[in-house]
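sequence-free structure coming up:
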């Protein structure tokens, strides 16, 4: 596979992931689809790992990679030109950082658990426990409000964790792919002019 086709494939893969991260993070602001007080939302939701890291930081490299995989300035065909590839390398570095940020924030959100009403107080009931709450469904009922907040957080933070890890890997691949496109040129047939 030439570097341009690979770039285009990676960009088209990153695009829906970044949009999914934004949606998942926005949904975390509305537990069970309801509005709650802003000081009852966990810190990890406010850090916006999905909106900023996995979302906006990855949208730019997604578009840059798609553009790098398009037609080059001289009608190069499948690989585009070296300038676009170089631009996609720099964009992908930011994308990898964004994916890593999303990965760290969502991992911490999963580890700490949700902020919920328990015994008349809002607190993190699962934070700092030696045993993980993730597989102990009976402990989820300890959260009185919002209802089903534990499952809501687990599903959405798990999505962000998975997408963040995948975005990090795909952006890292695009960095290598883009560097190869810059150094080795495109995959045009012999006999055509270099772009």
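Perfect, I can see it now. This is a predicted model, so every value here is computed, not measured. Numbering: from 1, shown residues only.

only C-alpha atoms for contact and neighbour calcs from this point on.
Noted.

And the lowest-mean-pLDDT helix or strand in the chain, what's buried?
Counting by mean pLDDT, DSSP states H and E, the weakest-scoring helix or strand in the chain turns out to be strand 116-118, with a mean of 82. Neighbour-count burial for strand 116-118, counted by 16 or more other C-alpha atoms under 10 Å, picks out 116, 117.

Beyond it, next helix or strand please.
strand 121-123 (DSSP states H and E).

so what secondary structure elements neighbour that following strand?
strand 116-118 (3 or more C-alpha pairs under 8 Å, 6 or more residues apart in numbering; DSSP states H and E).

Run the chain-centre distance for the strand it packs on.
29 Å (C-alpha atoms, centre = their mean, to the nearest Å).

What are the contacting residues of it?
40, 122, 123, 124, 125, 142, 143, 144, 145, 146, 149 (C-alpha atoms under 8 Å, 6 or more residues apart in numbering).

mind checking how far the last one is from residue 113?
Distance from residue 149 to residue 113, counting by C-alpha to C-alpha, to the nearest Å: 9 Å.

Looking at those two now, which is surrounded by more residues?
Each of residue 149 and residue 113 has its neighbours counted (other C-alpha atoms under 10 Å); residue 113 has more, 27 against 21.

what mean pLDDT does stretch 15-32 have?
Taken as a whole, stretch 15-32 carries a mean pLDDT of 92.

Can you point out the buried residues in that stretch?
15, 17-31.

Mind checking which of the residues you listed land in helices?
15, 17-28 (DSSP state H).

quick one: which of these is nearest to residue 184?
Checking these against residue 184 by C-alpha to C-alpha gives residue 15 as the nearest, at 26.3 Å.

quick one: contacts for the closest residue to the closest one other than its chain neighbours?
Using C-alpha to C-alpha, 6 or more residues apart in numbering and skipping residues adjacent in sequence, the residue nearest residue 15 is residue 62, 5.5 Å away. By C-alpha under 8 Å, 6+ apart, the contact set of residue 62 is 10, 11, 12, 13, 14, 15.
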